[in-house]
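Asks: Need a 3D model of the sequence below.
(chains A and B)
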Protein chains: 2
Amino acid sequence: MKCENYGLNRSTERDNLNLNPLQRGGVLSSAAREALFEFSDGYSVCDYCAGRLDQISKPGINSFLDDLATFINADVVRTVNGAREGKFAVMHGICNEGESVVVDGNAHYTTHLAVERNNLNMIEVPVTNEPEFEITVENYRATLEDAVDREQVSLAVLTHVDGDYGNLVDAKKIAKVCHENGVPLLLNCAYSMGRLPIDANEWGVDFVVGSGHKSMAASGPIGVLGVSDEFVNKLLIRSNRHTKKEIELLGCTSRGAPIATLMASFPYLIERVKKWDVEVEKSRNFAAMMEEIEGVTQLGVKPTNHDLIRFDTPHFHEIGKTHKRKGYYLYEELKKRKIVGIKRGQTEWFKCSTYGMTEDQIQYIAKSFKEISRINNTT
Amino acid sequence: MKCENYGLNRSTERDNLNLNPLQRGGVLSSAAREALFEFSDGYSVCDYCAGRLDQISKPGINSFLDDLATFINADVVRTVNGAREGKFAVMHGICNEGESVVVDGNAHYTTHLAVERNNLNMIEVPVTNEPEFEITVENYRATLEDAVDREQVSLAVLTHVDGDYGNLVDAKKIAKVCHENGVPLLLNCAYSMGRLPIDANEWGVDFVVGSGHKSMAASGPIGVLGVSDEFVNKLLIRSNRHTKKEIELLGCTSRGAPIATLMASFPYLIERVKKWDVEVEKSRNFAAMMEEIEGVTQLGVKPTNHDLIRFDTPHFHEIGKTHKRKGYYLYEELKKRKIVGIKRGQTEWFKCSTYGMTEDQIQYIAKSFKEISRINNTT
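Replies: Numbers count the residues shown, from 1 in each chain, chains lettered A, B, ... in the order given. As a prediction, the model looks like this:
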C-alpha cells in the first residue's frame, strides 16, 4: 500500500512567534532536547525496570518523583498520560457510579468528559458576570453546600487557572470550604504547575494534576498526579495478582520520551516558577498595550494574574467585514510579521499568551497589532 | 530546591546490541527521528486542531488514520496512549461492572489490570503443558462455552503474540469460536502490529490494539485501537455537551511527539512487515544456534513463529553456582562483548529478541553465548 504525505513539519510554528497559549508552556528546554535524543526509542526508560515505572532508578525516575513531590508539596506523586487522565483516574478511584461531582464553571472540557466517562453527575459552580467570569469562594460554597444537602457528593474539582480567561482561583479558601463540607478537592493545575508555584499541602487540596506538555516544558503526552497521604491507599490500590502494580495506573503510564523530557526540564522549571511575577508583569503590560487599541478589551479578572489572556476584539471583527481578505486578513497580516497562533479567520475574540517571550518580542507583537489596526481601519 | 542527578543518558542501550524484546520493535526509523525534532515541543500536533485529534489535517493525522485502518484492515482506527489503555477503553465501553471477560492464559499483565480496573470477572483459558505453553482453539472453545453457560460474558480477549514465549495464536479460528458464542473478541497485537501483517476484518476480530513503542518504531507512549463498524457507535460515543469529543478517549489521547514519530515511521512499517518471514527465519536460526549449547532449550511452540524467544538455560545457571562473579558473570561477559538486554544476575532462563538485527550480528551474538559457555564451563 501507498500512504499519503502527512506533512510532518512544523517550521511555521517553530520559526515564528507563536501566541497560542496551548503551546507556550510546552516548549522544551535545551536539556529536554538532549534527553529526547537519548530516550527517543520506544520504551526507552524501561531498560532497568523491575516492575514499577515510578521505582526505576536508571534513569532516576524514583528520585525525580520525590523531588517533584517536594516541588509541588504533595505527599505522593505519580506521572500519568496527561492532566485529563489524572482527573479521570481520581474520579474513577474515589467516586462510585451515579454519585455527584461539583465542578467550577470554568472547567476544561476534559473535566466534563472525565465526569461523563465515569457516569457521574455534575453540578456546576456558576461564574460571575461578564467581563470577569470569575469563580468566587462564595459561589463555590453556595453550590457545594446546596449539592451536599441533596446528593452524594464524592468529589469537588477546581480549575486553578482556566483556559478561557486565565483566571487564577483562590485554591486555599475553596479547599477549606470543601473540607468543611467533607468533600475532597481535586485541583486542576494544567495551566499553572510548571508556570507558577504549587503548594498542594499548604492549600489543603487532596489531589492535584498538572500537564507536562501544557506547562512543564515536556514532550506530550505526560501529566502529573499528586495525592495526599489520606487518599493514597484508596487511589493507588495494588493488584491482587500483580502485587507491585497499581491498578488505577494500569501498571505504568508515561513510558518513554515524555517522562525523560519532563525530568530533563525539571531544574529549568524550578528556576522559572521563581520568575512567575515577572511573567505576570509582562502579561499585564501586554494587555495594557493591546487595550490601547480602541475596541480591544481584556476579558477575565483585571489586572490579569496569568499569561493566558482573552481579548474581546469587535474592532478587528469590524475591519474584516469590509476587508478584501475578509476575516482572514488578521491571520495573514500577523503571519507576514512572523506572528502565528491566532486561528485563521478568527477576529471577534482571541486567546493568546506571550509566556516566555522577551520584552522586545512582546513590544513587537503589540506594535504589530496596532499597526494592523491602523493600516486596515477604514472608519 | 536542588534536584538529584537523574542520569539521563542511555548510551549503553543505544550503542550496544540490545537483546531486550521490549526494545527491539520500538527503535525509531530515521524519518521518525526527524519528526521528533519537528514535533518535540509539548502539544506539537495541536496547532491546527479544530476539536478532534483524529481529524487534524496539518499534520495529516486524519489521512494517516485512514491509511492505518487499511494497513491493519480495521473499519475505524484511533490512537490511544498504549495497548493497555486501548484494552481498558474497550472493556470500559463494552462491558458492565460485574460481567465476565474470557482471557487467554498467556495474556499480558496489563490485560489483567484492565479487567481489575473495570471491576470485571476474569475467566482464563489454560495453556497447554510445558514446553509449548500454547493457547489452542480447543481450549479457548471449551473455556468460553463453559463460561457462557454460566455467566454473562461480554468480551473475549486474545493475545496475538504473547510476551512470555512469543507464541502466535490462530486469531481467525478463535474469533470464529467467539462469534459462535455471541461474544466479541479483542485481539492484543502489542507484539505483532508493526512487525507482522494484521488483518482484523479478515480474521473477524471486533477490536484490535497495537503498541507504537513496542512494535511500531514510535516513541512511547502511543497505542492503536481498531474497531469494527458494528461496535463503533457503542465504543466511540460522543459527549452530549462537547459534541465533537469521544468520551472513551477523553477527547484526545496521544498529543505530541509519539504520534508524530508513529506517522513518520509508517511507510517504514509498511515495508518491514512484508519482510516478516525473513525475521522469523533469522529468529529460528538463532534459536537453533543457541540450542547447540548443551543445557539451552527454546520454550514455546517450535519452531518459533516470532522474534521473542524464551530460553530455558539451566546450563548457564549451573556455571553461576561456582563462578567467582556468581550469577552476574553472564551479564558481565555479554556486556564485555557489547551485548546488553539480559538482566543482571539472570541465568536460569531469559527472553531475548534479535528483531531487526543483521545476520552477522545474530551470528556474533550466538557465537558469544557459545564462547561464554565454553570458557566458563568447569564441568
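
Asks: if I look at A:Glu271, how far off is chain B?
Replies: From A:Glu271 across to chain B, the span is 10 Å (C-beta to the nearest C-beta, to the nearest Å). From N, CA and C alone the C-beta is placed, and that goes for glycine too.

Asks: before we move on, which element is that residue in?
Replies: helix A:257-274 (DSSP states H and E).

Asks: so how far is the first residue of stretch A:203-216 from its last?
Replies: Across stretch A:203-216, the terminal residues are separated by 21 Å (C-alpha to C-alpha, to the nearest Å).

Asks: what's the angle between the helix holding A:Glu271 and helix B:257-274?
Replies: Orientation of helix A:257-274 against helix B:257-274 (axes from the mean of the first three to the mean of the last three C-alpha atoms, to 10 degrees) gives an angle of 170 degrees.

Asks: Tell me the buried residues in helix A:257-274?
Replies: Residues of helix A:257-274 classed as buried by neighbour count (16 or more other C-beta atoms under 10 Å in any protein chain shown): A:257-270, A:272-273.

Asks: And for stretch A:45-64?
Replies: So for stretch A:45-64, counting by 16+ other C-beta under 10 Å, buried means A:45-47, A:49, A:52-54, A:56, A:58-64.

Asks: Is chain B within reach of that stretch?
Replies: Yes. Against chain B, stretch A:45-64 shows contacts by C-beta under 8 Å from any C-beta of the partner chain at A:46-47, A:58-61, A:63-64.

Asks: about what we covered before: quick check: which helices or strands does the helix holding A:Glu271 pack against?
Replies: If you count contacts as 3 or more C-beta pairs under 8 Å, 6 or more residues apart in numbering or on different chains; DSSP states H and E, helix A:257-274 packs onto helix A:30-38, helix A:61-72, helix A:212-215, helix B:257-274.

Asks: which stretch among those comes nearest A:Ile293?
Replies: Counting by C-beta to C-beta, A:Ile293 lies closest to helix A:212-215 out of these; the figure is 28.5 Å.

Asks: for the next helix or strand after the closest one, what is the average pLDDT?
Replies: Later in the chain than helix A:212-215, the nearest helix or strand by DSSP H and E is strand A:223-227. When pLDDT is averaged over strand A:223-227, the result is 98.

Asks: ok, and does strand A:223-227 reach over to chain B?
Replies: No. Against chain B, strand A:223-227 shows no contacts by C-beta under 8 Å from any C-beta, the least distance being 10.6 Å.

Asks: Compute the inter-axis angle for that strand and helix A:61-72.
Replies: Going by the same axes, to 10 degrees, strand A:223-227 makes 70 degrees with helix A:61-72.

Asks: Give me the contact list for strand A:223-227.
Replies: With contact meaning C-beta atoms under 8 Å, 6 or more residues apart in numbering or on different chains, strand A:223-227 is reached by A:68-69, A:72, A:74-86, A:89-90, A:190, A:193, A:200, A:206-212, A:216, A:235-236, A:254.

Asks: Got a ChimeraX select line for the buried ones in these?
Replies: In ChimeraX syntax, the buried subset of those is picked out as below (16+ other C-beta under 10 Å):
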select /A:68,69,72,74,76,77,78,79,80,81,82,83,84,85,86,89,90,190,193,200,206,207,208,209,210,211,212,216,235,236,254
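
Asks: okay, now A:Lys336: neighbour count?
Replies: Number of residues near A:Lys336 (other C-beta atoms under 10 Å in any protein chain shown) recorded here: 10.

Asks: How about the residues of the stretch 151-300 of chain A by chain B?
Replies: Contacts of the stretch 151-300 of chain A with chain B, taken as C-beta under 8 Å from any C-beta, map to A:212-214, A:217-221, A:239-242, A:245, A:247-248, A:250-251, A:253-258, A:260-261, A:263-264, A:266-267, A:270.

Asks: Strands of the stretch 201-350 of chain A, start to end?
Replies: Assigned by DSSP state E, counting those that start in this stretch, the strands in the stretch 201-350 of chain A fall at A:207-211, A:223-227, A:297-298, A:309-312, A:339-340, A:349-352.

Asks: Can I get those strands in CSV including distance to A:Gly163?
Replies: CSV is the format used below for those (distance: least, C-beta to C-beta, whole Å):
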stretch, distance to A:Gly163
strand A:207-211, 11
strand A:223-227, 15
strand A:297-298, 16
strand A:309-312, 9
strand A:339-340, 19
strand A:349-352, 8
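
Asks: The stretch 1-150 of chain A: strands as residue ranges?
Replies: Applying DSSP E, counting those that start in this stretch to the stretch 1-150 of chain A gives strands spanning A:17-18, A:76-80, A:100-104, A:121-125.

Asks: Would you mark the buried spots in the last one?
Replies: Of the residues in strand A:121-125, those with enough neighbours to count as buried (16+ other C-beta under 10 Å) are A:121-123, A:125.

Asks: what does stretch A:261-276 contact?
Replies: A:28-29, A:31-32, A:34-36, A:39, A:59-61, A:64, A:67-68, A:71, A:79, A:194-197, A:212, A:216-219, A:222, A:254, B:1, B:3, B:6, B:8, B:40.

Asks: go again using 6 Å as the cut-off
Replies: With contact meaning C-beta atoms under 6 Å, 6 or more residues apart in numbering or on different chains, stretch A:261-276 is reached by A:28-29, A:31-32, A:35-36, A:64, A:194, A:196-197, A:212, A:216-219, A:222, B:1, B:3, B:6, B:8.

Asks: what about A:Lys324, how many neighbours?
Replies: 6.

Asks: Quick check: chain neighbours aside, which residue is closest to A:Asn377?
Replies: Leaving aside its sequence neighbours, A:Asn377 sits nearest to A:Ile319 (C-beta to C-beta, 6 or more residues apart in numbering or on different chains; 6.4 Å).
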